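**Q** pasted the sequence and its predicted model underneath.
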Number of protein chains: 2
Amino acid sequence: MTATITHKPDPKLDLVLERVVNVPPHLVWAAWTTPEYIKKWFTPAPWQTVDCQIDLRPGGIFRTVMRSPEGQEFPNTGCYLEVIENEKLVWTAALKPGYRPQNAASALLFTAVILLEPQGAGTKYTAIAIHGDEETAKKHADMGFHDGWGKVLDQLVTLAKTM
Amino acid sequence: MTATITHKPDPKLDLVLERVVNVPPHLVWAAWTTPEYIKKWFTPAPWQTVDCQIDLRPGGIFRTVMRSPEGQEFPNTGCYLEVIENEKLVWTAALKPGYRPQNAASALLFTAVILLEPQGAGTKYTAIAIHGDEETAKKHADMGFHDGWGKVLDQLVTLAKTM
C-alpha cells in the first residue's frame, strides 16, 4: 500500500480540534465507524442524529441525518477517502459515494481528517476540518465548530466508557 | 487494507471509454504515473502538456498544464484518491491536494477512474469520468470526451511501445 500524506493544517483555511481523551483509540474508532454509536454522540444535544449509513472503505458512503429540536431534518451524504483502522479516518462532503463530485455549490463543503494516536491509556485525538477558501472556513467557525466538535467529543468519550 | 468499491457507471452522469490495447498494464501504468511520459501523451495534439507534477499517493497532487496551439495555458490541479499499482488509479478535480475542496464552483469537476486488467499480452483499459450532475456530464461529452480520450489513448499506446 502507498503511503498517505501527512496533514499540516493551514491556519487560514482549516479548523483544528486537538485533545487528549481518556479512552483508547480502538473505542474512539468504534464510535466513529458504527452507525448505532454515531447516532448516540455525533450531534450536539438537543440536536439528534436519527439515521446513519456507513460503508467503511475508500469511496464508500458516510450519510447522517440530523434532526433539529424543532423536528427539521438535515441529511448529509459524504464519501470516505481513507480508512486506517484505529489511526486515521478521512471523509469529505465534497464528494458523494463513489467519488462523485457534489453538485451543491452552496453547501458548506469540507473534508474531515480524524487522527488517533495512543497516549498512555488514552488517545491523542486530532480533528481537522479542511476548507476550500477562507470564507467557508470562517462560516464553519462562526457556526460554532470548536464548541460543537468539542461537545460531541465529550459525548463520544461518555459513550466509549460504556462500551 | 480495506477493499475499495467497484465502479458501476451511471449512464446519465458518467462517460466511459473502454478499449483493449496491445501493451501490457505495467506500461500503461507507467505512462499514467510518470510526469515525463504524461507530457508526451496526455493532451490531444496540437495541444500540449507542458508541465506535470505527480505525488502518487492518496491525497497527493496531480497537476498538469495544458497549452493551446495559440499558446494559452490551462493549469489543472487535482488530487489522487486511489493508487493501486498496475490496476487502478483514481483522481479527482473536485479536491485539491490534501483533499481540500475546490472553491471553483464553475469549473468542470469530475473524478477519473482508470482501470487496467491484463488481457492476453495487452490491457483491457477502462476510463470512467464521473460527474455530479447531467449538465456537467453533457458539457464534458460536448467538449469531445470520447474523441479526445480515445485520441490520447492512441498517443499513450504509441509511447508505451517505445518504453
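**A** Perfect, I can see it now. Just so it is clear, the structure is predicted and the values come from calculations on it, not from any experiment. Numbering: from 1, shown residues only, chains lettered A, B, ... in the order given.
**Q** now check whichever helix in chain A runs longest, is it near chain B?
**A** The longest helix of chain A (DSSP state H) is helix A:145-160. No: if you take Cβ under 8 Å from any Cβ of the partner chain as the test, helix A:145-160 misses chain B, and the best it gets is 15.5 Å. Every C-beta, even on glycine, is put in place using the N, C-alpha and C of the backbone.
**Q** with just CA atoms, put that helix into PDB.
**A** C-alpha atoms of helix A:145-160 as PDB (Å, rounded to 0.1, in the frame of the first residue of the first chain):
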ATOM      1  CA  PHE A 145     -17.000  24.500  15.100                       C
ATOM      2  CA  HIS A 146     -14.900  24.500  18.200                       C
ATOM      3  CA  ASP A 147     -17.700  24.400  20.700                       C
ATOM      4  CA  GLY A 148     -19.700  21.900  18.600                       C
ATOM      5  CA  TRP A 149     -16.900  19.400  17.800                       C
ATOM      6  CA  GLY A 150     -15.700  19.700  21.400                       C
ATOM      7  CA  LYS A 151     -19.100  19.000  22.900                       C
ATOM      8  CA  VAL A 152     -19.700  16.000  20.700                       C
ATOM      9  CA  LEU A 153     -16.200  14.600  21.600                       C
ATOM     10  CA  ASP A 154     -17.400  14.800  25.200                       C
ATOM     11  CA  GLN A 155     -20.400  12.800  24.200                       C
ATOM     12  CA  LEU A 156     -18.200  10.300  22.300                       C
ATOM     13  CA  VAL A 157     -16.000   9.800  25.400                       C
ATOM     14  CA  THR A 158     -19.000   9.300  27.700                       C
ATOM     15  CA  LEU A 159     -20.300   6.700  25.200                       C
ATOM     16  CA  ALA A 160     -17.000   5.000  24.800                       C
END
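**Q** tally of neighbours for residue A:116?
**A** Residue A:116 has 23 neighbours, counted by other Cβ atoms under 10 Å in any protein chain shown.
**Q** what's the longest helix of chain A packed up against?
**A** strand A:14-21, helix A:25-33, helix A:35-41, strand A:122-131 (3 or more Cβ pairs under 8 Å, 6 or more residues apart in numbering or on different chains; DSSP states H and E).
**Q** now do the contacts for residue A:37.
**A** Applying Cβ atoms under 8 Å, 6 or more residues apart in numbering or on different chains to residue A:37 gives the contacts A:30, A:31, A:159.
**Q** before we move on, the earlier item: residues contacting the longest helix of chain A, please?
**A** A:15, A:17, A:19, A:21-23, A:27-28, A:30-32, A:37, A:40-45, A:125, A:127, A:129.
**Q** mean confidence for it?
**A** Averaging pLDDT along helix A:145-160 gives 96.
**Q** now do the buried residues in that helix.
**A** A:145, A:149, A:152, A:153, A:155, A:156, A:157, A:159, A:160 (16 or more other Cβ atoms under 10 Å in any protein chain shown).
**Q** spatially central residue for chain A, please.
**A** The centroid of chain A falls nearest to residue A:112 when counting by Cα atoms, centre = their mean (5.4 Å).
**Q** near chain B, which residues of chain A?
**A** Residues of chain A lying near chain B (Cβ under 8 Å from any Cβ): A:1-5, A:7, A:13, A:55-60, A:81-83, A:90, A:92-103, A:105, A:109-111, A:113, A:130-133, A:136.
**Q** packing partners for the strand or helix carrying residue A:141?
**A** For residue A:141, the element it lies in under DSSP states H and E is helix A:134-142. With contacts taken as 3+ Cβ pairs under 8 Å, 6+ apart, helix A:134-142 sits against strand A:14-21, strand A:122-131.
**Q** in TSV, list these along with mean pLDDT, mean neighbour count and distance to residue A:140.
**A** Formatted as TSV, the helices and strands packed on helix A:134-142 follow (pLDDT from 0 to 100; neighbours: other Cβ atoms under 10 Å in any protein chain shown; distance: least, Cβ to Cβ, whole Å):
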stretch	mean pLDDT	mean neighbour count	distance to residue A:140
strand A:14-21	97	16	6
strand A:122-131	97	21	6
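**Q** can you check which of those gets nearest to residue A:141?
**A** Of all those, it is strand A:14-21 that lies closest to residue A:141, at 6.0 Å by Cβ to Cβ.
**Q** so how far is the closest one off the chain centroid?
**A** 12 Å (Cα atoms, centre = their mean, to the nearest Å).
**Q** can you name the element that comes right after the helix or strand containing residue A:90?
**A** Counting by DSSP H and E, the element that carries residue A:90 is strand A:88-92. Using DSSP H and E, the next helix or strand after strand A:88-92 towards the C-terminus is strand A:95-96.
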